[in-house]
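Enquirer: sequence and predicted model, in that order:
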Amino acid sequence: MKTCLRTLVAALGFTALAVSAQTKWDMPTPYPAANFHTENISQFAADVDKATAGKLKITVHAGGSLYKANEIKRAVQGGQAQIGEILLGGYANENPLFGTDNVPFLATSYAEAKKLAVAQKPALEALLAKQGLKMLFSVPWPPQGIFAAKPINAGGDLKGVKWRAYSPQTSRIAELVGAQPVTIQAAELSQALATGAVAAFMTSGATGYDSKVWEQVKYFYDTQAWLPKNAVLVSQKAFDALDKPTQAAVLKAAADAETRGWKTSEEKTKFYVEQLTKNGMNVAAPSAALKADLKKVGDTMIGEWQKTAGAEGQAILDAYKK
């Protein structure tokens, strides 16, 4: 009896030790569970769980269910969440370096976007480090196009139109073409379209597909304006609290997620556009007039970004253009 009791106590003690040794992280994300970014992040969390034998558990909270998109960065900085996903360009007003990949027509292909990401990374990591954050990986959206309820043949057709903005850059585009910017996050897009809060917007085919925009708008112009990136950020304090093997496992899973995410994004670009067509949308390249008007917008915004980003921004552009 005593032997059995000692065995039971030892077993219970071991279980308690195992439980106390487990670390749990909450990870808010802004996009639906079926979005390719969220699926990639879920795989990242599963890889971490497997590599650490359950020592680090990351719970993914999709669709803005834990924190809204614009609250996630602050939540990670403040310690309310240990890790989270943000759209980098959404913080361009905080620092123009966050908006590097959202400058229209600066990088318009996956090859260019990768080159720009490499040029941007050192300055971005240094900026985040000052805020107590560490970037684990980043993944681009497919190229941005214009969705609209009515045909858009030139920039003037957007004058006075309610334009969905999700970042400082998309708001600035609205201003330059004379549209009315309305801040709407991805999780709220379907409702905004249904109520008439917005009638046109620039985003990727992925967001259009996720939100089933064909139920309210019928036109998509494949402008390929830029490829914005989502970044997964972790609190440096939370990361430093992990033991070295667990840190290594997180970094390895993050590197795999970045490679996988870029590949998936590029592969799905064609799929998303095909789905828009399949569901009755008019998909077309921008007209010569619209393309020329958008180029003027892009030239203006590249110049504005250079001015506000200063020497750091110029260094990024120089590295990108090499």
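Expert: Yes, it's here.

Enquirer: which is the next helix or strand following the helix or strand bottoming out on mean pLDDT in the chain?
Expert: Within the chain, no helix or strand scores below helix 2-21, which has a mean of 51 by mean pLDDT, DSSP states H and E. Next helix or strand after helix 2-21 toward the C-terminus (DSSP states H and E): strand 23-28.

Enquirer: elements contacting that next one?
Expert: With contacts taken as 3 or more CB pairs under 8 Å, 6 or more residues apart in numbering; DSSP states H and E, strand 23-28 sits against strand 56-61, strand 83-87. Yep, even glycine has a C-beta here, placed from its N, CA and C like the rest.

Enquirer: buried ones in that strand?
Expert: Applying a neighbour-count criterion of 16 or more other CB atoms under 10 Å, one finds Thr23, Trp25, Asp26, Met27, Pro28 buried in strand 23-28.

Enquirer: what of stretch 212-230?
Expert: In stretch 212-230, the ones that count as buried by 16+ other CB under 10 Å are 213-214, 216-230.

Enquirer: for stretch 236-249, same thing?
Expert: Buried, per 16+ other CB under 10 Å, within stretch 236-249: Gln236, Ala238, Phe239, Leu242, Thr246, Ala249.

Enquirer: gap between Leu127 and Thr277?
Expert: Remark: distance between Leu127 and Thr277 (CB to CB, to the nearest Å) = 40 Å.

Enquirer: can you verify Ala123 is assigned to a strand?
Expert: No: assigned with DSSP: H, G, I helix; E, B strand; the rest coil, Ala123 falls outside any strand and is helix.

Enquirer: what's the neighbour count on it?
Expert: 18 (other CB atoms under 10 Å).

Enquirer: who's in contact with Leu290?
Expert: Contact analysis of Leu290 by CB atoms under 8 Å, 6 or more residues apart in numbering lists Ile152, Asn153, Ala154, Gly155, Tyr221, Thr223.

Enquirer: now those residues in JSON lines, with pLDDT and secondary structure?
Expert: Output for the contacts of Leu290, formatted as JSON lines (pLDDT from 0 to 100; DSSP: H, G, I helix; E, B strand; the rest coil):
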{"residue": "Ile152", "pLDDT": "97", "secondary structure": "coil"}
{"residue": "Asn153", "pLDDT": "97", "secondary structure": "coil"}
{"residue": "Ala154", "pLDDT": "97", "secondary structure": "coil"}
{"residue": "Gly155", "pLDDT": "96", "secondary structure": "helix"}
{"residue": "Tyr221", "pLDDT": "97", "secondary structure": "strand"}
{"residue": "Thr223", "pLDDT": "95", "secondary structure": "coil"}
